[in-house]
Each structure stands twice: as structure tokens, then as C-alpha cells.
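A.B. asks: got a predicted structure plus its sequence, pasted below:
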Amino acid sequence: MSSTKTLSAPRYRWPGGVRTGLWFVLVALICLPFADLEVSSLDPWTDLGRLLQGFISPSLMDSTLVVEALLATLAFAFAGVALAVVCGFLLSLAFHNTFVRATCALMRSIHELFWALIFLQFFGLHPLTGLLAIAVPYAGVFARMYAEILDQAPKQPTDALPAGSGFLSALLFTRLPQAWPHLVSYTSYRLECGIRSSAILGFVGLPTLGYYLESSFSQGYYPEVAALMILFYLLIATKKFWLRRWTLPLFLLGAPFFMGSGMPIIWGNVGRFFSQDIIPAPLRSDDATLHSLGEWAGTIFIDQALPGIWNTLLLSQIALVVTGLCALLLFPLISRHCFGPAGRFPGHILLVVARSTPEYLLAYILLQLLGPSMLPAVIALAIHNGALIGYLTGRNSNEIQLRADAPGRRVDRYFYELLPRSYPAFLSFMLYRWEVIMRETAILGILGIQTIGFYVDSAIQEIRFDVALLLILIAAMMNILVDLLSRRIQQRF
Amino acid sequence: MSALAIQSDSLGYSGQQVLGPVSLDIQAGEHLILLGKSGCGKSTLLNHIYTTNRSECALIPQGLGLVESLSVFHNVYMGRLSRYSVFHNIRNLVLPAAARVAEILPLLERLGLSDKCFAAVAELSGGQQQRVAVARALFQNASVLLADEPVSALDGPEADRVMSLLGQHFSTAVITLHDVDRALRYGQRIIAIQNGELVLDERADRLTVSALNEFY
């Protein structure tokens, strides 16, 4: 190669988006040696085989129980999301206020399972626990998204209103009708997430699907596990048939009757929780000093928060990159530029199933099969989130109009047309998802992986709610920071 | 010798006829210009010729069909994707091969784009983007050019430079234009389309600007 030529030729620099992606890959590669990715179970294949066999011959022991579980799952989802819609909408109207915005950020940065663990301490296994565990974080999410959607509605109609039209009238006549379709479609998407969240709440003892899944799984009733999961997929896949404008009021009115009665609330517990349990231990004694408080916080920080934060960061950065790779591999499966309608069908099924399975549930199953390490968590996060982003990217790629002389070979078409055209959208989906993955990573600690959720769970089991709350707040701060960072990166494009 | 023989029943899309039955022989070495008002069926005919003769033709579609997030170099290189192995294509996407850059730079130079080689197409002006699509067609090295308004976004001298470059490079070409004067200068044979019919098919040296203006 002549050196003069390479000197005179301009140098190629990867586009900014590609460089951003590669930074993430590099960080994940650096994390890799520190992460425990071992398969520690002796024989994962036998159990996996038994689970798959269960899917071939699913069976139910007690079908009335399952119907109750499915109804309870729907009931908590509908009631929780409905409450969140009302509160979130009201909050969105005041979203310009810094305090409201910060409160909403805190509400949504705490995972619904953490909320459930908090409410469990004072409401006990009461329906309110499940209802609020969904409603509180979802209200924070709705507030932000509704505010953004309302903000994007064209301004001219509002400006054209006569002076003195009033805030409410202006909202009802201009911004709300314009934003309505977007509000409805986002809420409908969130309802699906709510059904998943509701199912997962069963893992902490509420009478939803997760409760029955966990008990069947721990007893090794794989045919029942399979049956429950198949029913869950069917429930989500058929959503558009049973969820109509006219069935919605039915579900909302019926929801309170299917949430179970649970245990009665002991109000003394509620009072004690706020007046004693969550007060940092050193402050509860009579000779409380700032020094003892500092010592208490320092010990927790070094012994529990730091290792928790470290493992959460490791796991979420690795999972994020594996998620991205999965999504890039999966999206062509549902792209009309790669396969015909018949060829896309299996891809659609695969992506629907993978993205309908909550990552917590996947991680639970994989942990049983592979043994405790970060590996099952990475796989679970990558399957669920990769399928979701793959679906969004694939749908996005179907909007592309290729020219008549587009590359004929599928691989060429993928790398030279679909990938570069879809990449900006893909990257923005990923950046949005970063915070979600971080939040999920923290929560997977409850299953025994030593992320921050592990230390929260241990503190709760030791009945040290002050410690648990401090750790939950630390996890929330991490999520808020990642959210800010991802938005900073977004703005650079 | 006939380079392309076009025989077609009426053409159109979604059940709406745009162009009546067409029978057309294009000789090798012939530069044919399609004239007509917008919406008369020029692009439909051109796309029909392309889909029935894909292997010999280089296409410059009206929408250009550039991948805006890729660099000028990559968009031009796409003209030869089918000639290289998938492996080479991927390698060249990640890290442009010096040999390919050396092939493409002179082309860009002739089109006034040499300083834009590794700029993203999204950053270019409309005229520059059109020249990238021209460069892609030139790089493809096909024997026949099919171009749909290839100089619509370029100013006079620039447009002439690109037209003569295309004329030298392709022995056979079918080009749609709306500029009658330019059609007479660069075409050897002119076809005019009106109301979905071929209404004129004549050698350019037998035509005048005023005779052609009636088709507008």
C-alpha cells in the first residue's frame, strides 16, 4: 500500500451514534471480568428439558385457582393503572413545577416490587399494597409522559383562544383533544406493562399469577408452570379482543371485587412504620448524636450500598449491551425488507412471547436452571428487553421506503440500508431503556444476585426497615442519575 | 443492435392506469430523453424498464434513495455491493478499504464532492445529495443508465457538467428531463409523453425547442 495515497486520502471517522454505541460496548467489556457469569447448577439441561417437556404437555391441577389468579392479575393491573392515570394526569398539569417533577422522578425511579416491599411492611398482604405498588410508580411515569405529550400538541389553537378562556377550558378544548390519540395509545401500552407488573407482584405474596408460578415452580410442577405461562401469553396476545372501549368500564368496576380480601390492615403498624421503623436506628435511642448517625450511614454504605451499587452497575451495563446486540439480531426477523409475510410470522411470535415475559420471571426461572450468578440475569434482561427493542426497531424499519435498486442480497441490505437507517431510532430506544434495565437489575437482587435489591431484601428480612429504605433511596438515585445521563447523550444527536 | 426492448401492457399502480401500452426499442449507444409534464407517466415507464432489466441498468431514482446516516463514500460504494463478497462489504462498512477509496475519490472529484468523501449524506445540500446519487450510478459501471430527473436540483453549469459526465460514461441511457433545451442538447432521441400515451418519438436533430414546447 502506498503511503502517499493513505496520507492524502481523507480519514474516515465513525458517525457519532456508532461511537456512542462502541463506548457502551467498551464499558461492558471492561465490566465482564469482574462479573460472576458462572453456571453453577450441576445439570441445567435436565431441568430445562423437563421445563420444555412441560410446555409440550401443560396441565393444570386446579383450574378455579388459576382463573382466580388471572382475574386477580387483571384486577390489580386495571385498578393500579387507572389510579395512576388519574393521579399522573393531575401531576402532569403541574409538571412545570420543580418539586412535582422531582417527586415524580422519585416515584418512578423506585421499582414496583420495592414499593410493594415498602407497603407490605405496614399494610401487610392487603389489596391496597398491590394497588399502590403499581399506582405510585406508574403515576410518576404517566405524569412525565403525559406532560411531554401535552407539550407536543400544536400551540396555535391555544394561542388563538380569546383572552380569559381559563386554564381548564383551554385544556379541554385545545391541548387535550389534540393529544388524545397519543395519550390513549401510551396508556394502552402501559396497561400491558401493568399486567406484567401485577403478575410479578405475586412473587412477594399477592394473589396474582406470580404467586402460583413460584409455588408450582418450587415444587417442580413444570406442566403447571407451562400452563400458567401459556395462559399468561394468551391473555396478553388477545388483549385487543377483550379490551374494547365498552369492556373497559366493566373491567374497572369489576377490578375491586377480584383483588382478594387479604389480611386486615393493622393501623398501629402503619403508625409504627413511620414513627419508628424507618427512623435510622441511632436516632431512635435517647443519646443520639450526629456522630453515631454518621457511623451508622457509613457502615451501611461501605458494607451494603457500595457492593450493591457496584454489582448493579456491572450487571446493568453488560445486560444493556447484550440487549442491544439481541435487538439488532432480532429486528430483521419482523422487517418487511428481509422476509415476506409468511417468513415474518415466526419472528413475530418469538418477539411477542419474549417481550411479554417479564424479566423478573425469566430471571427467576433461569436462576433455578443455571444456578445463582449474573448469567441468568443477563440472559433474562437481554431476552425481554432485546425482544422489545427489536420489535420497536423492526416496526420502525418497516416505515423505510427502499429505492428500486436497493441491494439484493439480504446481508448487504441489512448492513447498508436497514442498519444505518434504523440505528438512530435503535439508539434512542436503547438510551430510554437504560434506566429501565438499571431499575430491573437492582430488583433482581431479591432473587439472590448481589445487586442492591439483595441488600434491600436482606435488610427487610432482618426487620431493619431504616436500612432497607436508605438502600432503596440509593437505588432510586442511581436510576435518576442514569436517566439524566441518557437524556444528556440523547441531546447530542 | 437493440439494447433494450420494452413491451408492456398498460402500466399503473393500485388499479389506476398511468401509461397506455408501450412498445419501445432502445438501441445500444442511444441516449434517449423522456419528456413530459410531471405526473404524465415518465417515472412509471422508467421504473418499468428498470424492473424488467435490472441486471444491466444503473438507476438514479427521483427520490435519490440515499442512506442519509452513511457517508458519501459508503453511498457511492453501494453501487457495487453485488460485486463484492458480503465479508468485504461489511469490512468496508466498518473501515473503508484504501483501494475502494482510491477508486471513488476521482469520481467525487469530477462531481465537485472530493472534500465530502466521509461526510454524512444528511449534512449535504440537496444539489450535493443529487450528485452523490449520480456518483453511485457512475460507480456501478452498468452499461445502461436509467435516470429520473438527475439534475433537477443543480444550477445551469453544474447540471450541464453532470449531464455530459453521464453522457460520456454510459453508452446507453434513458433519462427523464423537463428542460426542453437540455433535452435537445444531450439526447439523440426524444420521446414525449402526454396523457399516458407516447405522442412523439423522434431523433433530436430533427426537433426544435419550439416544436417541443407544445408538450408542456
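C.D. replies: Nice, I can see it.

A.B. asks: which pLDDT does the model give the closest residue to B:Ser143 other than its chain neighbours?
C.D. replies: Of all residues beyond its chain neighbours, the one nearest B:Ser143 is B:Glu56 (5.3 Å), with distances taken as C-beta to C-beta, 6 or more residues apart in numbering or on different chains. For every residue, glycine as well, the C-beta is placed using N, CA and C. The predicted structure scores B:Glu56 at 84 on the pLDDT scale.

A.B. asks: what residue is smack in the middle of chain A?
C.D. replies: Nearest residue to the geometric centre of chain A (C-alpha atoms, centre = their mean): A:Val436, 4.9 Å.

A.B. asks: enumerate every residue touching that one.
C.D. replies: A:Asn385 (C-beta atoms under 8 Å, 6 or more residues apart in numbering or on different chains).

A.B. asks: what residue in chain A comes nearest to chain B?
C.D. replies: When distances are taken as C-beta to the nearest C-beta, chain A reaches nearest to chain B at A:Arg403, 2.6 Å away.

A.B. asks: assign that residue to helix, strand or coil.
C.D. replies: Following DSSP: H, G, I helix; E, B strand; the rest coil, we place A:Arg403 in the coil state.

A.B. asks: number of nearby residues for whichever residue of chain B sits closest to chain A?
C.D. replies: When distances are taken as C-beta to the nearest C-beta, chain B approaches chain A most closely through B:Gly65, which lies 2.6 Å from it. By the other C-beta atoms under 10 Å in any protein chain shown criterion, the neighbourhood of B:Gly65 contains 19 residues.

A.B. asks: what's the answer for B:Gln62, then?
C.D. replies: Other residues within reach of B:Gln62, judged by other C-beta under 10 Å, total 18.

A.B. asks: for my notes, confirm it occurs in a helix.
C.D. replies: No. Following the definition three-state DSSP, B:Gln62 is coil and is not counted among the residues of a helix.

A.B. asks: element containing the residue nearest to the centre of chain A, please.
C.D. replies: Element membership of A:Val436 [criterion: DSSP states H and E] is helix A:419-443.

A.B. asks: now do the helix or strand following that helix, average pLDDT.
C.D. replies: Scanning forward in sequence from helix A:419-443, with DSSP H and E defining helices and strands, the next element found is helix A:452-461. The average of the pLDDT scores along helix A:452-461 is 92.

A.B. asks: buried set for helix A:452-461?
C.D. replies: A:Ile452, A:Gly453, A:Phe454, A:Tyr455, A:Val456, A:Asp457, A:Ser458, A:Ala459, A:Ile460 (16 or more other C-beta atoms under 10 Å in any protein chain shown).

A.B. asks: in a markdown table, list those residues along with distance to A:Arg245.
C.D. replies: Listed next are these as a markdown table, based on distance: C-beta to C-beta, whole Å:
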| residue | distance to A:Arg245 |
| --- | --- |
| A:Ile452 | 42 |
| A:Gly453 | 39 |
| A:Phe454 | 44 |
| A:Tyr455 | 46 |
| A:Val456 | 41 |
| A:Asp457 | 41 |
| A:Ser458 | 47 |
| A:Ala459 | 45 |
| A:Ile460 | 42 |
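
A.B. asks: turn those residues into TSV, including distance to chain B.
C.D. replies: What follows is the buried residues of helix A:452-461, written out as TSV (distance: C-beta to the nearest C-beta, whole Å):
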residue	distance to chain B
A:Ile452	37
A:Gly453	38
A:Phe454	40
A:Tyr455	42
A:Val456	42
A:Asp457	44
A:Ser458	46
A:Ala459	48
A:Ile460	48
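
A.B. asks: still on that earlier bit, so the residue of chain B closest to chain A, which state does it fall into?
C.D. replies: The assignment at B:Gly65 comes out as coil when based on three-state DSSP.

A.B. asks: OK, contacts around it?
C.D. replies: For B:Gly65, the residues meeting the contact criterion (C-beta under 8 Å, 6+ apart) are A:Leu402, A:Arg403, A:Ala404, A:Asp405, A:Ala406, B:Ala133.

A.B. asks: buried residues in whatever helix or strand the last one lives in?
C.D. replies: Think B:Ala133. Taking DSSP H and E as the criterion, B:Ala133 maps to helix B:126-140. Along helix B:126-140, the positions that meet the burial threshold by neighbour count (16+ other C-beta under 10 Å) are B:127-140.

A.B. asks: starting at the chain centroid, how far to the very next helix or strand once past it?
C.D. replies: Beyond helix B:126-140 in the direction of the C-terminus, DSSP H and E gives the next helix or strand as strand B:144-148. When C-alpha coordinates are averaged (C-alpha atoms, centre = their mean, to the nearest Å), strand B:144-148 and its chain have centres 3 Å apart.

A.B. asks: what's the answer for stretch A:288-305, then?
C.D. replies: 31 Å.

A.B. asks: what does stretch B:207-216 give?
C.D. replies: Per C-alpha atoms, centre = their mean, the centroid offset for stretch B:207-216 relative to its chain is 23 Å.

A.B. asks: what comes into contact with that stretch?
C.D. replies: Residues outside stretch B:207-216 that contact it (C-beta under 8 Å, 6+ apart): B:35-37, B:178, B:180-181, B:183-184, B:190, B:192, B:194, B:199-200.

A.B. asks: could you pull out the buried residues of stretch B:200-211?
C.D. replies: In stretch B:200-211, counting by 16+ other C-beta under 10 Å, buried: B:Leu200, B:Ala204, B:Leu207.

A.B. asks: okay, those in JSON lines with pLDDT and secondary structure next?
C.D. replies: Below are those laid out as JSON lines (pLDDT from 0 to 100; DSSP: H, G, I helix; E, B strand; the rest coil):
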{"residue": "B:Leu200", "pLDDT": "83", "secondary structure": "strand"}
{"residue": "B:Ala204", "pLDDT": "80", "secondary structure": "helix"}
{"residue": "B:Leu207", "pLDDT": "80", "secondary structure": "coil"}
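
A.B. asks: ok, so of the residues you listed, who is nearest A:Gly254?
C.D. replies: When the buried residues of stretch B:200-211 are compared for distance to A:Gly254 (C-beta to C-beta), B:Leu200 comes out closest, at 73.3 Å.

A.B. asks: what residues does the stretch 301-450 of chain A have near chain B?
C.D. replies: Residues of the stretch 301-450 of chain A lying close to chain B by C-beta under 8 Å from any C-beta of the partner chain are A:401-409, A:411-412, A:415-417, A:420-421, A:423-424.

A.B. asks: can we see that at 6 Å?
C.D. replies: Residues of the stretch 301-450 of chain A found near chain B, taking C-beta under 6 Å from any C-beta of the partner chain as the criterion, are A:Arg403, A:Ala404, A:Asp405, A:Pro407, A:Val411, A:Asp412, A:Phe415, A:Tyr416, A:Glu417, A:Pro420, A:Arg421.

A.B. asks: now A:Gly308: how far from A:Arg11?
C.D. replies: 44 Å (C-beta to C-beta, to the nearest Å).

A.B. asks: those two: who's more crowded?
C.D. replies: Taking neighbours as other C-beta under 10 Å, A:Gly308 and A:Arg11 compare with A:Gly308 leading, 24 against 9.

A.B. asks: and that one, what does it touch?
C.D. replies: Contact analysis of A:Gly308 by C-beta atoms under 6 Å, 6 or more residues apart in numbering or on different chains lists A:Ile452, A:Tyr455.

A.B. asks: okay, it: pLDDT?
C.D. replies: For A:Gly308, the pLDDT comes out at 94.

A.B. asks: ditto for B:Ser14
C.D. replies: The per-residue confidence score, pLDDT, reads 64 for B:Ser14.

A.B. asks: go on, A:Thr4?
C.D. replies: Among the per-residue scores, A:Thr4 shows a pLDDT of 41.

A.B. asks: can you tell me which helix or strand of chain B has the lowest average pLDDT?
C.D. replies: Sorted by mean pLDDT, DSSP states H and E, the helices and strands of chain B end with strand B:11-13, the least confident at a mean of 70.

A.B. asks: partners of the next helix or strand after that one, with directions?
C.D. replies: Towards the C-terminus, the helix or strand next in line after strand B:11-13, according to DSSP H and E, is strand B:16-19. As defined by DSSP bridges, the strand partners of strand B:16-19 come to strand B:11-13 (antiparallel).
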